[in-house]
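K.L.:
Okay, predicted coordinates and the sequence, questions at the end:
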Amino acid sequence: MDAVPAQELEDLRQPQMMCYQCEQTNAGKGCTTTGVCKKSPTTAGLQDLQVLYALRLCQLAAAFGPENPFEADCRRLILESMFATLTNVNFDNARFEAYLRESAATVEKMEKKLADHHGPYRKETGKAVPPAPVGLPSALPGDSKALLVAAAPAGLLARSAIVANEDLFGILEMCCYGLKGVMAYFYHAEHLKAGDAAYGEDERKEVYQEIYRVGAYLAEAGSSKAAPDAMNTALGEALALGALNLKVMKLLDAGHNVVLGTPEPTTVKQEPPEGPAILVSGHDLAILRKLLDQCKGRGVNVYTHGEMLPAHSYPQLKKYAELKGHFGTHWGNQQKEFRYFPGSILMTSNCLMPPMGKYRDRIWTTGPVGFDAVPNMVSDDFSALIEQAVKQSPEIKVPRSGALPNRELQIGFGHAAVLSVADKVVAAIKGGQLKHVFIIGGCDGTEGSRSYFTDLAHDTPDDSIILTLGCGKFRLNSHDYGDIGGIPRLLDLGQCNDAYGAVVIATKLAEDSGVVCAIYIVWVRRCA
């Protein structure tokens, strides 16, 4: 038997992939054969390469400065493609190949144009075009197999070897995941199209320029061996990203309030649905509004799932008679819950799990979300989805107990609603009736045994209130916690991006009463 060449043996020893961007990752160390999320090594490789292309686009946009002739393309492509690489968003290899080809074409055009452009980069360095990040191919292969080979140098292990400092590389990756989170939330803010009433073009430009600056930094810092002061710089960038994320959440909050109205305390029914029906999951409230508008007069009932629950508290959404109620719990239960839904299903953002056979022929995606052979609605025309719901309402017996909850949920306690009774809260604190404020929420994982947060909420003293948000709320909201002076002890602030509201409330209470909030974060991916 001929000996196997040493290089082939070494290649066999290498993991098929390496991904540790979420809390679900295998053994807390990294997914190396397939993702716990079911992401394949092929998808992982294409995503790694797309991230590198997005960072290259950031480099070039930063080099142009505010006078970027490709600004519109950069904004759209960077936000959507980076959002698509987040956990449980997009598993569709064809979509990532399309992102890569558009990115490569845009990079080529920008590099050629920069040669004659006298922007900030040329003024600062005297050079026309910044060097590309290590691992980016000089030209994108046309063949799918060759494309996957070209993606290998963009992988986590290859890039880590370049930096040659595990601690520094870990911080750089944390920054990259934080940047993905910023882009996901800003994607939602921009998708609302709220106009200047929410935030103006100057604020928009500031956010994009900071995204480009941080992306350019990550492209450069990940392309060379760690410098002596690299750790301090990286930590500073991590803090800058935190500040940027808070700003973006503020803009998203403003957009939601302008377009959809200010959330108000609302009771939502969670009971077996009636068809014809459409279930909407994810986070994109702008998509939900457009769908509701198109469902008028069609006899289709629309239900929310997961983090779409807060939709029922917005005046411009709850006014629709078609919005009937909430179905199910958090995203990690979708494979069990979706099979019982008697209608079509629309995923508007994360979190998508591989569709099961019981409902695969009636699930749709939109925006950055994708899965192989699942139809993606590239425009805001939902006529095909609505038509399916009208014609194909499956006969499904929905369990009335056990598998699915049947109850009423209290929602809509955003920062505006809470601060409207801040005087009562402060009076309760100063009077001794309210002594503790807990923030328990965030982005929940799939493990059924994540009972820490349930137990924590159950054990909070009667002289405390709990602020909850994100899909982590479903670990808490099956219990009646009572009230303090007419104020419910459990206050649902909204989606994971409504963490901004928690910051506003916590800051106001600290200023007015000196009370300090205890924060317990449920998390699974870094955008939360």
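P.N.:
Alright, I've got the coordinates.
K.L.:
Tell me which stretches of the stretch 51-200 of the chain form helices.
P.N.:
For the stretch 51-200 of the chain, the helices defined by DSSP state H, counting those that start in this stretch occupy 71-84, 93-114, 120-125, 144-151, 156-163, 166-191.
K.L.:
Can you give the contact residues for the fourth one?
P.N.:
Surrounding helix 144-151, the residues in contact under the criterion CB atoms under 8 Å, 6 or more residues apart in numbering are T42, G45, L46, D48, L49, N93, E97, L100, P137, L140, P141. Every residue, glycine included, has its C-beta placed from N, CA and C.
K.L.:
Out of these, which end up buried?
P.N.:
When the contacts of helix 144-151 are checked for burial by 16 or more other CB atoms under 10 Å, the buried set is T42, G45, L46, D48, L49, N93, E97, L100, P137, L140.
K.L.:
that older thread, between the contacts of helix 144-151, which is closest to P488?
P.N.:
Nearest to P488 among these, counting by CB to CB, is D48 at 45.2 Å.
K.L.:
In strands only, show me the contacts of helix 144-151.
P.N.:
With strands defined by DSSP state E, no entry of these lies inside them.
K.L.:
Output those as CSV; include the columns pLDDT and distance to P310.
P.N.:
Below are these laid out as CSV (pLDDT from 0 to 100; distance: CB to CB, whole Å):
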residue, pLDDT, distance to P310
T42, 97, 36
G45, 97, 36
L46, 98, 33
D48, 98, 33
L49, 98, 35
N93, 98, 33
E97, 98, 35
L100, 98, 35
P137, 96, 43
L140, 95, 41
P141, 94, 44
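K.L.:
Just the closest of those residues to R450, please.
P.N.:
Distances from R450 to those, taken by CB to CB, are shortest for D48, at 28.7 Å.
K.L.:
From D92, how far off is that closest one?
P.N.:
Look at D48 and D92: by CB to CB, to the nearest Å, they are 16 Å apart.
K.L.:
where in the stretch 351-500 of the chain is pLDDT low?
P.N.:
393-394, 397-404 (pLDDT under 70).
K.L.:
For it, which segments count as helices?
P.N.:
383-391, 415-419, 422-430, 452-459, 499-513.
K.L.:
Can you check which of the ones you listed gets nearest to A226?
P.N.:
It's helix 499-513; of these, that one is closest to A226 (CB to CB) at 32.0 Å.
K.L.:
just to revisit the earlier point, could you dump the contacts of helix 144-151 to JSON lines with distance to L79?
P.N.:
Converted to JSON lines, the contacts of helix 144-151 look like this (distance: CB to CB, whole Å):
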{"residue": "T42", "distance to L79": "24"}
{"residue": "G45", "distance to L79": "22"}
{"residue": "L46", "distance to L79": "18"}
{"residue": "D48", "distance to L79": "18"}
{"residue": "L49", "distance to L79": "18"}
{"residue": "N93", "distance to L79": "21"}
{"residue": "E97", "distance to L79": "19"}
{"residue": "L100", "distance to L79": "16"}
{"residue": "P137", "distance to L79": "23"}
{"residue": "L140", "distance to L79": "21"}
{"residue": "P141", "distance to L79": "26"}
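K.L.:
out of the helices of the stretch 351-500 of the chain, nearest to N165?
P.N.:
helix 499-513 (31.2 Å).
K.L.:
helices or strands next to that closest one in the packing?
P.N.:
If you count contacts as 3 or more CB pairs under 8 Å, 6 or more residues apart in numbering; DSSP states H and E, helix 499-513 packs onto helix 230-260, helix 415-419, helix 422-430, strand 436-442, strand 464-469, strand 490-494, strand 517-522.
K.L.:
In CSV: the ones you listed, plus mean neighbour count and distance to N477.
P.N.:
Listed next are those as CSV, based on neighbours: other CB atoms under 10 Å; distance: least, CB to CB, whole Å:
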stretch, mean neighbour count, distance to N477
helix 230-260, 18, 21
helix 415-419, 19, 17
helix 422-430, 17, 20
strand 436-442, 23, 10
strand 464-469, 24, 7
strand 490-494, 27, 7
strand 517-522, 17, 13
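K.L.:
wait, which of these is closest to Q388?
P.N.:
Checking the helices and strands packed on helix 499-513 against Q388 by CB to CB gives helix 230-260 as the closest, at 26.4 Å.
K.L.:
Tell me the helix or strand right after that closest one.
P.N.:
Proceeding N to C from helix 230-260, the next assigned helix or strand is strand 266-270, under DSSP states H and E.
K.L.:
How is the chain divided into domains?
P.N.:
Domain assignment for the chain by automatic domain parsing gives 13-258, 266-391, 413-522.
K.L.:
quick one, strands of the stretch 201-350 of the chain?
P.N.:
Under the criterion DSSP state E, counting those that start in this stretch, strands of the stretch 201-350 of the chain are mapped to 266-270, 277-281, 301-304, 323-326, 344-347.
K.L.:
Now do the second one: distance to the chain's middle.
P.N.:
What it means is strand 277-281. Centroid displacement of strand 277-281 relative to its chain, using CA atoms, centre = their mean, to the nearest Å, is 19 Å.
K.L.:
For N350, see how far away L86 is.
P.N.:
Counting by CB to CB, the separation of L86 from N350 is 6 Å.
K.L.:
More neighbours: which of those two?
P.N.:
Neighbour count, other CB atoms under 10 Å: between L86 and N350, N350 has more, with 27 against 24.
K.L.:
That one and V369 touch, don't they?
P.N.:
Yes: look at N350 against V369 with CB atoms under 8 Å: they come within range, at 7.4 Å.
K.L.:
what is in contact with the two at once?
P.N.:
Common contacts of N350 and V369 (CB under 8 Å, 6+ apart): V89, G282.
K.L.:
can you pull the buried residues of stretch 61-73?
P.N.:
Residues of stretch 61-73 classed as buried: A61, A62, A63, F64, G65, N68, F70, D73 (neighbour count, 16+ other CB under 10 Å).
K.L.:
Okay, now the unreliable bits of the stretch 1-150 of the chain?
P.N.:
Along the stretch 1-150 of the chain, segments meeting pLDDT under 70 span 1-13.
K.L.:
Specify which member of the contacts of helix 144-151 is nearest to G357.
P.N.:
When the contacts of helix 144-151 are compared for distance to G357 (CB to CB), N93 wins out at 20.7 Å.
K.L.:
Can you give me the neighbour number for F96?
P.N.:
F96: 24 surrounding residues under other CB under 10 Å.
K.L.:
Spatially nearest residue to it (excluding sequence neighbours)?
P.N.:
Once flanking residues are discounted, F96 sits nearest to L46: 3.9 Å by CB to CB, 6 or more residues apart in numbering.
K.L.:
any idea how far the one you found is from R489?
P.N.:
47 Å.
K.L.:
Just tell me which of the domains of the chain ends up closest to R407.
P.N.:
Proximity to R407, assessed across these by CB to CB, is greatest for domain 266-391 (5.3 Å).
K.L.:
check contacts around the closest residue to L434 other than its chain neighbours.
P.N.:
The spatially closest residue to L434, leaving aside those adjacent along the chain, is A428, at 3.9 Å (CB to CB, 6+ apart). Residues near A428 by CB under 8 Å, 6+ apart: L434, I484, G485, I487.
K.L.:
out of these, which one sits closest to D380?
P.N.:
Nearest to D380 among those, counting by CB to CB, is I487 at 39.2 Å.
K.L.:
Do I have it right that the closest one meets S464?
P.N.:
No: with contact defined as CB under 8 Å, I487 does not count as touching S464 (11.4 Å).
K.L.:
Cheers, nothing more for now.
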